[in-house]
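1. Here is a sequence together with a model predicted from it:
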Amino acid sequence: MLSAVRDSVGEEAARRYLPVLVLAPYAIWVAVSLDGLVAVLGAAAIVAGLRASRRRVRGWPATGWAMLAGLLIGLAALFSYSAPWLGLSLVCVYFARRRAFLNVMSGVGALLPVLGAQLLGFAWADGLVAAESDYASRVAPYRSVLWWSAISVVVLLLATGPAIAASARKVRNTAAWPFLVGAGAAVVFSIAAGLARGGVEHAWLPFFPWLTVAAVAPERPAGELPPTPVLLVAIGAVLAIVIEAVLITPW
């Protein structure tokens with residue numbers, strides 16, 4: 001995450017983002033959920049995509065980094081069906097940096113783990129359909145879409161803490177917008193499709209950090225770098241302690 005922030009908006013912004021990242025309320029779920037691994041793979045994929053699209057990186061190095069980015073997204077997809085949404089952030093990065101061809105290479109890289117799993121007996125698309133059918137029969141009939149969607153939004157706000165408000169205010173005027181687009185689209189789609197009916201503290205874990213990354217990003221390329229939101233970070237840390245004290249977190 002810090003490497004991605006440094007590559008997109010500068011090292012100083014990454015340093016100021018460190019407390020926001022480490023002391024966020026969602027940290028309490030990172031240690032107890034497999035989706036923490038998905039978050040790492042997704043972050044590594046975006047870092048690889050950023051390296052592939054650097055101005056001075058051309059030819060085979062750019063192709064290699066782009067394929068690695070796709071490969072990591074494909075691996076993450078084998079752990080979580082929501083992980084491919086992070087690929088949208090890659091698409092936005094390539095668009096912003098005018099390196100459209102890299103989308104092809106990342107797409108090829110993403111297919112490799114999926115096709116490899118299929119050769120070994122696991123069809124990813126069939127698994128997705130089976131998971132959706134199981135969800136529709138086991139969970140959906142007993143949980144209201146509107147009620148649980150509202151609960152999921154509350155969980156999102158609690159998990160990301162006050163820093164998400166500071167990040168949302170600058171989504172249109174910061175170089176970090178590709179990160180927010182990918183993560184935001186995943187959350188919006190999940191709610192709109194009626195899939196957000198509990199468990200989002202784990203399912204959305206790979207997206208939480210990207211939703212707060214603009215909190216310390218300059219609003220324009222030449223804009224003034226905002227300071228670390230110490231008060232917001234402190235509130236988020238206290239909120240994490242309260243959540244852990246109130247909820248029974250599975251270990």
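-> Received, thanks.
2. what about the stretch 1-150 of the chain, any weak spots by pLDDT?
-> 57, 135-141 (pLDDT under 70).
3. hmm, try it at 90
-> 1, 5-17, 19-36, 52-63, 80-86, 92, 95-101, 121-150 (pLDDT under 90).
4. In stretch 81-96, which residues are buried?
-> Buried residues in stretch 81-96, defined by neighbour count with 16 or more other C-beta atoms under 10 Å: 82-94. C-beta coordinates here come from the backbone N, C-alpha and C atoms, glycine included.
5. can you check stretch 167-180 too?
-> Buried, per 16+ other C-beta under 10 Å, within stretch 167-180: 167-168, 170-171, 174-180.
6. Now tabulate those residues in TSV and tack on secondary structure.
-> As requested, the buried residues of stretch 167-180 are exported to TSV (DSSP: H, G, I helix; E, B strand; the rest coil):
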residue	secondary structure
167	helix
168	helix
170	coil
171	coil
174	coil
175	coil
176	coil
177	helix
178	helix
179	helix
180	helix
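7. So for those residues, which is the shakiest by pLDDT?
-> Scanning the buried residues of stretch 167-180 for pLDDT, the low point is residue 171. It has 68.
8. Redo the buried residues of stretch 81-96 as a markdown table? Include secondary structure and distance to residue 192.
-> Putting those into a markdown table (DSSP: H, G, I helix; E, B strand; the rest coil; distance: C-beta to C-beta, whole Å) gives the following:
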| residue | secondary structure | distance to residue 192 |
| --- | --- | --- |
| 82 | coil | 14 |
| 83 | helix | 19 |
| 84 | helix | 17 |
| 85 | helix | 13 |
| 86 | helix | 18 |
| 87 | helix | 19 |
| 88 | helix | 15 |
| 89 | helix | 19 |
| 90 | helix | 22 |
| 91 | helix | 20 |
| 92 | helix | 20 |
| 93 | helix | 24 |
| 94 | helix | 25 |
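9. And the furthest pair within those?
-> 82 and 94 (21.1 Å; C-beta to C-beta).
10. mind listing what's buried in the helix or strand containing residue 235?
-> Assigned by DSSP states H and E, residue 235 belongs to helix 230-246. Under the neighbour-count criterion of 16+ other C-beta under 10 Å, helix 230-246 has 232-233, 235-237, 239-240, 243 buried.
11. Next: stretch 111-125.
-> 111, 113-114, 117, 124.
12. How far does the strand or helix carrying residue 156 sit from its chain's centre?
-> Element membership of residue 156 [criterion: DSSP H and E] is helix 145-160. Computed by C-alpha atoms, centre = their mean, to the nearest Å, the chain-centroid distance of helix 145-160 equals 17 Å.
13. swap in stretch 80-94?
-> Its chain's C-alpha centre and that of stretch 80-94 lie 8 Å apart, by C-alpha atoms, centre = their mean.
14. again with stretch 31-39
-> 12 Å.
15. Buried residues in that stretch, which are they?
-> Quick answer for stretch 31-39 (16+ other C-beta under 10 Å): 33, 35-39.
16. Tell me the one among the buried residues of helix 230-246 nearest to residue 131.
-> Nearest to residue 131 among these: residue 243, at 27.5 Å, using C-beta to C-beta.
17. Now do the contacts for that closest one.
-> 25, 28, 158 (C-beta atoms under 8 Å, 6 or more residues apart in numbering).
18. Residue 190 now?
-> 82, 152, 196, 200, 203-204.
19. Which pLDDT value goes with it?
-> 83.
20. so how many other residues sit close to residue 59?
-> Residues contacting residue 59 under the criterion other C-beta atoms under 10 Å number 7.
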